[in-house]
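Engineer: show me how the following folds:
(chains A, B, C and D)
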There are 4 protein chains.
Amino acid sequence: MSSPKLFAVIAGVGEGTGAALARRFAKAYPVVLLARKESSFKSLVDEIQASGQTALGISTDVSQGDSVKSAFEQVKKTFGSDVSCAAAVFNASGAFSRKPFLELTEDDFTRPYSVSGIGAFHFSQAVLPLLLKHADPTHLPPTLIFTGATASLKASVGFSGFAAAKFSQRALAQALAREFGPQGVHVSHVVIDGLIDTPGTAGWMQDAGPNGKLQPPAIAEFYWGLHAQPLSTFTFETEIRPFKEKW
Amino acid sequence: MSSPKLFAVIAGVGEGTGAALARRFAKAYPVVLLARKESSFKSLVDEIQASGQTALGISTDVSQGDSVKSAFEQVKKTFGSDVSCAAAVFNASGAFSRKPFLELTEDDFTRPYSVSGIGAFHFSQAVLPLLLKHADPTHLPPTLIFTGATASLKASVGFSGFAAAKFSQRALAQALAREFGPQGVHVSHVVIDGLIDTPGTAGWMQDAGPNGKLQPPAIAEFYWGLHAQPLSTFTFETEIRPFKEKW
Amino acid sequence: MSSPKLFAVIAGVGEGTGAALARRFAKAYPVVLLARKESSFKSLVDEIQASGQTALGISTDVSQGDSVKSAFEQVKKTFGSDVSCAAAVFNASGAFSRKPFLELTEDDFTRPYSVSGIGAFHFSQAVLPLLLKHADPTHLPPTLIFTGATASLKASVGFSGFAAAKFSQRALAQALAREFGPQGVHVSHVVIDGLIDTPGTAGWMQDAGPNGKLQPPAIAEFYWGLHAQPLSTFTFETEIRPFKEKW
Amino acid sequence: MSSPKLFAVIAGVGEGTGAALARRFAKAYPVVLLARKESSFKSLVDEIQASGQTALGISTDVSQGDSVKSAFEQVKKTFGSDVSCAAAVFNASGAFSRKPFLELTEDDFTRPYSVSGIGAFHFSQAVLPLLLKHADPTHLPPTLIFTGATASLKASVGFSGFAAAKFSQRALAQALAREFGPQGVHVSHVVIDGLIDTPGTAGWMQDAGPNGKLQPPAIAEFYWGLHAQPLSTFTFETEIRPFKEKW
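Structural biologist: Residues are numbered from 1 along each chain as shown, chains lettered A, B, ... in the order given. From the prediction side, this is the model:
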């Protein structure tokens, strides 16, 4: 593999938004795909490589600091230690259960935070030095985007653990935007307010029509648009939803 | 003039954002430019025409229903009564004074509302039927964008009248997004949270550096990106600010 | 009538919240009741007087500066020109129609603003000098409270005019809180998020049960609690809703 | 000790808000005081007992489920297993460091969450069954109040871990309010937006004047007012700040 000086990295690559982000950013940069299970990125890496672009998949548990560190060491080994990061997306999210509050175990409550809180923390610490390295006025500003959800802004019944996790991730994103924005790194938080159209959600809202669910390629294009914003015009927060969504 | 079937319209064309929006949307559609004074759009119309695109300037006082109606009659006369609207931007804003509250006259307080409230109402009523006409899944969704400000979300000392007006415009935008979104019209509200780099602001924040103020062409490109969002992925609200801005 | 040095004033006295506020504040201060129609306050003034407290009703159109000025001249004539204001509540709200947006007239859209925007402006200008006069650390801080609604924070379909008006009133309240708070006047904004139990709403939500609607005396007690907050502990904004309300 | 059927409980009792809350709620109920270190509540328990009211201090680490369970077992042993809870306040907050983000350890980041997230979870799970038991229309509604901070709504530079924790606690409070409100339990979240006047903050903002910092007894009185709200008129969220505070 050659030694590109830039890369993009997507944490949380599954069949929906993460895969679409990988395909979109691969058009511009070698992409690093992080997911816990190799099966989440294997065929996607093959697909991107087959189209002549560069992709590197690394099994990573973002909730574990050592796992994240090891992933970024592998990135440097692969692309060269002088590599810097053009764009990073934290798209990982933990599973959660919607039980009545009094039936939740501590693990039910904290599991989402271990990804959206702790995982986002480790990913940010690993990638920010590589984004700062690339803060250079002749390029697109280096970008760190977090994927939020309806539950980043509103905690509904049954969502205490998930919303606690997503609220905490939004706080982290805000603090980072305020600390690293003036240093030239664009930190952004996208609230996805609707159902994403993936194989996993095929059975839900079946009468929603083709545009009643968020289409992953459209989400990915939107994230690219955020990455393309110049220093004079940064968006921190935005929400995206299907045109028919109630809000 | 030929009879294009689509047009874009910008209300509130001056030397900054409005002019940049006109130039950007003129690349794709004939543009109609509305401003109270002909001097605000005259040279811009000439510039756009000279580059081989179509622009029509109409002196309009958006706070007056008759003036807005007459402007849209002129649009139909020029482009044909079967014309429909691809994109509309309400970028007008009234002057306001930052006097202590107890020194404000009723006129000081209500003047901003006459543009941001009443003007936005008239503009929306005139343009929405032409946007609805164009709600067609084979094109970019017709789009209505309102330009907000820091004062759309926060009312500081000295801003009671301006913020009251901008808050009211945001309410209108929200209600329209909820009513017309499901009908295929994308209504969006952009909070501009910083100083825009125009000849008029040249004397302010002189040490801000080239990217310390919002650059109008970057704002316009961002608005275009909102227009380009497909039905599955609409943004209602977003804010844009320079990377160094405190918030 | 004797010459008390303090008074409270309620703008927008009808059969619900306004009347309850009048009864509550009359326990502590002579109360001035403003409403457009004498019939809105006549029997209430009698009731308060009959219980040995002081009430003065003045027919006032808050949307008209002259009408508000004249009301406060009558207050000074009645209580003495050295009177100052302990508490003022702006509880007026204009009627509005929930028609589809394209069927609204300009008057439909602006009528709510003429009360919630312009009326709140005139009331604030008239009462703030009398509140400032009373900013004295040995008393409860003088207080100006605005009654908001769900539509102060969210503009739903059919509410463009009402929400535009209520958003604008909230902006005014914020700007005043920031300007006059440091001068010792407590400005507060209460979002009433639910149906108020009044004769006029008796036919709505009939299965809500006794506590499914907001009870005016409880609202009034809450406003009194805001008035009782000391300088060290001011609340600007709060919302109140019945325990069963969806939000 | 006699067997009262009701009690109030304050988690997080130190020299400021917690102690004032204990004194205020002790006027109406036997109070249970939880803090990690006995020294945080010992003299306060003595003081309350000396004034003829009932107080029980229990060393508790709210971040540990077993510790919280054991505390509530002791409550039942002391007051009888048929005791129910009238009011519970979660006032605990973890220490945090304001280092630059890239210098934070995982422990720095997660420590505040172990109290504001996990601790609030354990406390809520232990106390809600005892609050539900008391949901009885003839009494004040049972109440669960969380103490928030400026960082519950805004994450500033240096506050990533603290704000992540406080945002998560706010999410938990929201989800609980929506689940348990309709069951008659009043869940509320108070944003304390300013410096609290305690021995520990005596050296900060020394020129703030007597009302430039939040006075703990006034905070406690405000919490009591929330507890006193009837079912028809619940406040979920409010903020309190000194009159001179910038916001």
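Engineer: return the residues in contact with the residue in chain A sticking out farthest from the centre.
Structural biologist: Residue farthest from the centre of chain A, counting by C-alpha atoms, centre = their mean, is A:L102 at 31.3 Å. Counting by C-beta atoms under 8 Å, 6 or more residues apart in numbering or on different chains, A:L102 touches D:125, D:128-129. Heads up, the C-betas are built off the backbone N, CA and C, glycines and all.
Engineer: of those, list those near chain A.
Structural biologist: Contacts with chain A within the contacts of A:L102, as defined by C-beta under 8 Å from any C-beta of the partner chain: D:125, D:128-129.
Engineer: most neighbours out of the residues you listed, which is it?
Structural biologist: When neighbours are taken as other C-beta atoms under 10 Å in any protein chain shown, the top entry among the ones next to chain A among the contacts of A:L102 is D:L128 (22 neighbours).
Engineer: how about the lengthiest helix in chain A against chain C, any contact?
Structural biologist: In chain A, assigned by DSSP state H, the helix with the most residues is helix A:160-180. No: counting by C-beta under 8 Å from any C-beta, chain C has no neighbours in helix A:160-180; the shortest distance is 14.5 Å.
Engineer: can you spell out which helices and strands pack onto that helix?
Structural biologist: Contacts defined by 3 or more C-beta pairs under 8 Å, 6 or more residues apart in numbering or on different chains; DSSP states H and E place helix A:160-180 against helix A:106-113, helix A:120-132, strand A:143-149, strand A:186-192, strand A:234-241, helix D:160-180.
Engineer: could you look over these and pick the most buried one?
Structural biologist: helix D:160-180 (a mean of 29; mean count of other C-beta atoms under 10 Å in any protein chain shown).
Engineer: now that helix - C-alpha only, CSV.
Structural biologist: Extracted as CSV, the C-alpha positions of helix D:160-180 are listed here (Å, rounded to 0.1, in the frame of the first residue of the first chain):
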residue,chain,number,x,y,z
SER,D,160,-16.2,17.8,28.8
GLY,D,161,-16.3,15.2,31.6
PHE,D,162,-18.4,17.3,34.0
ALA,D,163,-20.9,18.4,31.3
ALA,D,164,-21.1,14.9,29.9
ALA,D,165,-22.1,13.8,33.4
LYS,D,166,-24.5,16.6,34.0
PHE,D,167,-26.1,16.3,30.5
SER,D,168,-26.6,12.6,31.2
GLN,D,169,-28.3,13.3,34.6
ARG,D,170,-30.6,15.8,32.9
ALA,D,171,-31.6,13.1,30.4
LEU,D,172,-32.3,10.7,33.2
ALA,D,173,-34.4,13.3,35.0
GLN,D,174,-36.4,13.9,31.8
ALA,D,175,-37.1,10.3,31.1
LEU,D,176,-38.2,9.8,34.7
ALA,D,177,-40.5,12.8,34.7
ARG,D,178,-42.2,11.4,31.6
GLU,D,179,-42.5,7.9,33.0
PHE,D,180,-43.4,8.7,36.6
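Engineer: up against chain B, what does chain A have?
Structural biologist: A:137, A:141, A:178, A:181-182, A:184, A:186, A:197, A:210-215, A:218-219, A:222, A:225, A:229-245, A:247.
Engineer: many thanks, we can stop here.
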